[in-house]
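[1] sequence first, then the predicted structure, then my questions.
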Amino acid sequence: MTQTLTLRRPDDWHLHLRDGAMLRAVLPESARDFARAIIMPNLVPPVVTAADATAYRERILAALPEGASFTPLMTLYLTEATDPADVVAAHASGLIAAVKLYPAGATTNSASGVRDMDRVQPVFEAMAEAGIPLCVHGEVTRAEIDIFDREAVFIEEVLDPIRRRTPGLRVVMEHITTADACAYLRQGGDNLGATITTHHLMINRNHILVGGIKPHYYCLPVAKRERHREALVELATSGFERVFLGTDSAPHTQASKESACGCAGVFSASVTMPCLAQVFEAAGALDRLEAFASLNGPAFYRMAPNEARITLEKGEALVIPPRIDTEDGPVVIFDPGTEILWRVTG
Ligand code: DOR
Ligand code: ZN
């Protein structure tokens, strides 16, 4: 007998769509299974002002395939020059759903990010007042901090002080990768949420480094030890309400990944829902997949969950295409490295 699973249509609370030819190629991969996504603003140049976000939103809508039902939820890229009034107005008009904080130099296209948190304190205060979520890339960038420790150190040295100084600020810890982040989230109050990616639920750092370097598993924050992956799975599948799916699906061309200085990013949009069904089934928590993928995110963002449904079916091993083609060159699809028996059928 086929096993089927029907869920409210999921949303992706952290997604990179890029622009131009890449946008046109990757957008259908998300629009197929997801109703909405929080769109990351780290373009070159970044999406900094309400005017930038309006124009980017138009380009995304224009790139949607015929008949697609997908709503991009826009974000602004926080800089030390961000005007609090522009942020508040952009949120009040419904244009943006959140603001993104990249510590300068933490990751892809983060050069315009924040160096000195004091300089954006007026923005944090205006956001707290207006209830606007701050999506945080939580890694310190100091050269002396080991890359595997950068998330835990950020929580202690940067995030916790920001939250103490601005108690009403609503924060999403993006793409958490450590047991430390899971613990910090659990003890945070209603103003603290977190996203977890598909790949961080499936790979640990050995997948990147054992038996040869695997650039397609490299992203930031980098995958950690197995015990951290286990903590993430435990949290995601537990039914805890303030954690939700953010794929961080981040396309780079195969050539720019397979390079002497390969880009960070895992492109998982195409396979996320089958992979998540596999992870949740293995944890004996298929009944909690809907909370993680379709309910907890809208609840945190104070939006209604989607009315439409998707259906997943369990059957023969899913054949995952190795890549999608784009005018800029092929983009390799996340390989979960294990048989996936689920597929989205409707
Ligand atoms: O791996 C990553 N890729 N992490 C990020 O934070 C950014 C993203 C990208 O834009 O490629
Ligand atoms: Zn990201």
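    Nice, I can see it. Ligands and ions are numbered 1, 2, ... in the order given.
[2] switch to C-alpha atoms for all contacts and neighbour counts from now on
    Noted.
[3] residue ranges of the strands in the stretch 201-346 of the chain, please?
    Under the criterion DSSP state E, counting those that start in this stretch, strands of the stretch 201-346 of the chain are mapped to 243-245, 309-314, 323-324, 331-332, 342-344.
[4] from the contact counts, what lies against the last one?
    Packing partners of strand 342-344 (3 or more CA pairs under 8 Å, 6 or more residues apart in numbering; DSSP states H and E): helix 272-282, strand 309-314.
[5] tell me which of those sits most buried.
    helix 272-282 (a mean of 21; mean count of other CA atoms under 10 Å).
[6] where does this protein have low pLDDT?
    Applying pLDDT under 70 to the chain flags residues 1-2.
[7] what does it put close to ligand 1?
    Thr107, Thr108, Cys219, Leu220, Ala250, Ala264, Gly265 (CA under 6 Å from any ligand atom).
[8] repeat that for 5 Å
    Thr108, Cys219, Leu220, Ala250, Ala264, Gly265 (CA under 5 Å from any ligand atom).
[9] circling back to that earlier point, now the helices and strands packed on strand 342-344 in CSV, with distance to Thr345?
    Shown next, in CSV, are the helices and strands packed on strand 342-344 (distance: least, CA to CA, whole Å):
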stretch, distance to Thr345
helix 272-282, 10
strand 309-314, 6
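[10] burial measure for the nearest residue to Met202 once chain neighbours are set aside, as a count.
    Nearest residue to Met202, sequence neighbours excluded (CA to CA, 6 or more residues apart in numbering): Pro336, at 6.7 Å. By the criterion of other CA atoms under 10 Å, Pro336 has 19 neighbours.
[11] residues touching Pro336, list them.
    Counting by CA atoms under 8 Å, 6 or more residues apart in numbering, Pro336 touches His199, Met202, Ile203, Cys275.
[12] dump these to TSV, plus distance to Leu64.
    Shown next, in TSV, are these (distance: CA to CA, whole Å):
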residue	distance to Leu64
His199	25
Met202	29
Ile203	31
Cys275	24
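[13] among these, which are in helices?
    Cys275 (DSSP state H).
[14] for Met74, state which of the contacts of Pro336 is nearest.
    His199 (23.3 Å; CA to CA).
[15] who's in contact with that closest one?
    Thr247, Val266, Ser268, Phe334, Pro336.
[16] separation between it and Ala299?
    23 Å (CA to CA, to the nearest Å).
[17] of the contacts of His199, closest to Glu29?
    Nearest member of the contacts of His199 to Glu29, counting by CA to CA, is Ser268, at 9.1 Å.
[18] might one say that the closest one is in contact with Pro274?
    No - the pair Ser268 / Pro274 is not scored as a contact, 10.6 Å apart, by CA atoms under 8 Å.
[19] strands of the stretch 1-150 of the chain, start to end?
    3-8, 12-15, 36-39, 71-77, 96-101, 134-136.
[20] winner for burial among those strands?
    The most buried one of those (mean count of other CA under 10 Å) is strand 12-15, showing a mean of 26.
[21] elements contacting that one?
    Using 3+ CA pairs under 8 Å, 6+ apart, the elements in contact with strand 12-15 are strand 36-39, strand 243-245.
[22] between these, which one is nearest to Asp86?
    strand 36-39 (18.3 Å).
[23] list the contacts of Ala37.
    By CA under 8 Å, 6+ apart, the neighbours of Ala37 are Asp11, Asp12, Trp13, His14, Leu15, Phe70, Thr71, Pro72, Leu73.
[24] Glu139: which of the strands of the stretch 201-346 of the chain is closest?
    Of all the strands of the stretch 201-346 of the chain, strand 243-245 comes closest under CA to CA, at 18.6 Å.
[25] and the contacts of the top helix by length along the chain?
    When the chain is parsed with DSSP H, its longest helix is helix 50-63. Identification of contacts with helix 50-63 by CA under 8 Å, 6+ apart yields 19, 23-24, 27, 47, 72, 74-76, 86-87, 90, 95-96.
[26] let's go with 10 Å and repeat that
    With CA atoms under 10 Å, 6 or more residues apart in numbering as the test, helix 50-63 has contacts from 17-21, 23-28, 39, 41, 43, 45-47, 68, 70-77, 86-91, 95-96.
[27] can you select the buried ones from those in ChimeraX?
    To isolate the buried ones among the contacts of helix 50-63 in ChimeraX, judged by 16 or more other CA atoms under 10 Å, type:
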select :17,18,19,23,24,25,26,27,28,39,41,43,46,47,70,71,72,73,74,75,76,77,86,87,88,90,91,95,96
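[28] so which of the contacts of helix 50-63 belong to helices?
    Per DSSP H, the subset of the contacts of helix 50-63 in helices is 20-21, 23-28, 86-91.
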